[in-house]
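Engineer: fold the following for me, if possible:
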Amino acid sequence: MYRATTYATYESVARVEALDPLTVKITFTKPTPAWCRRRAPGG
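Structural biologist: Down below sits the predicted model:
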């Protein structure tokens, strides 16, 4: 099985829900501080 090189980045994501057209809720399998900071441009 081939995986993207960024696979580990999303491995702890349990689910993603669209709460409204501009808001998403990301639920993790374990505490993941500063996760979005590493994904944001310039972060």
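
Engineer: look up how far T32 lies from L19.
Structural biologist: Going from L19 to T32 by Cβ to Cβ, to the nearest Å gives 19 Å. For glycine as for every other residue, the C-beta is placed from the backbone atoms N, C-alpha and C.

Engineer: okay, those two: which has more neighbours?
Structural biologist: Neighbour comparison, L19 and T32: the larger count goes to T32, with 12 against 8 (by other Cβ atoms under 10 Å).

Engineer: I figured that one was touching A14, is that so?
Structural biologist: No. Counting by Cβ atoms under 8 Å, T32 stays clear of A14, with 10.3 Å between them.

Engineer: mind showing which ranges of this structure have poor pLDDT?
Structural biologist: For the chain, residues meeting the criterion pLDDT under 70 lie at 1, 36-43.

Engineer: which stretches of it form helices?
Structural biologist: 7-10, 35-39 (DSSP state H).

Engineer: which helices and strands sit right next to the longest strand anywhere in the chain?
Structural biologist: As assigned by DSSP state E, the longest strand anywhere in the chain is strand 13-20. With contacts taken as 3 or more Cβ pairs under 8 Å, 6 or more residues apart in numbering; DSSP states H and E, strand 13-20 sits against strand 23-28.

Engineer: please state the offset of the strand it packs on from the chain centre?
Structural biologist: Offset of strand 23-28 from its chain centre (Cα atoms, centre = their mean, to the nearest Å): 8 Å.

Engineer: contact partners of it?
Structural biologist: 12-19, 35 (Cβ atoms under 8 Å, 6 or more residues apart in numbering).

Engineer: what are the pairing partners of that strand, and which direction each?
Structural biologist: strand 13-20 (antiparallel) (DSSP bridges).

Engineer: contact partners of the strand it pairs with?
Structural biologist: 24-29.

Engineer: tell me how far that strand is from the chain's mean position?
Structural biologist: Counting by Cα atoms, centre = their mean, strand 13-20 comes out at 9 Å from the chain centroid.

Engineer: got it, and stretch 11-27?
Structural biologist: Using Cα atoms, centre = their mean, the offset of stretch 11-27 from its chain centre is 8 Å.

Engineer: measure that stretch end to end?
Structural biologist: 12 Å (Cα to Cα, to the nearest Å).

Engineer: all good on my end, thank you.
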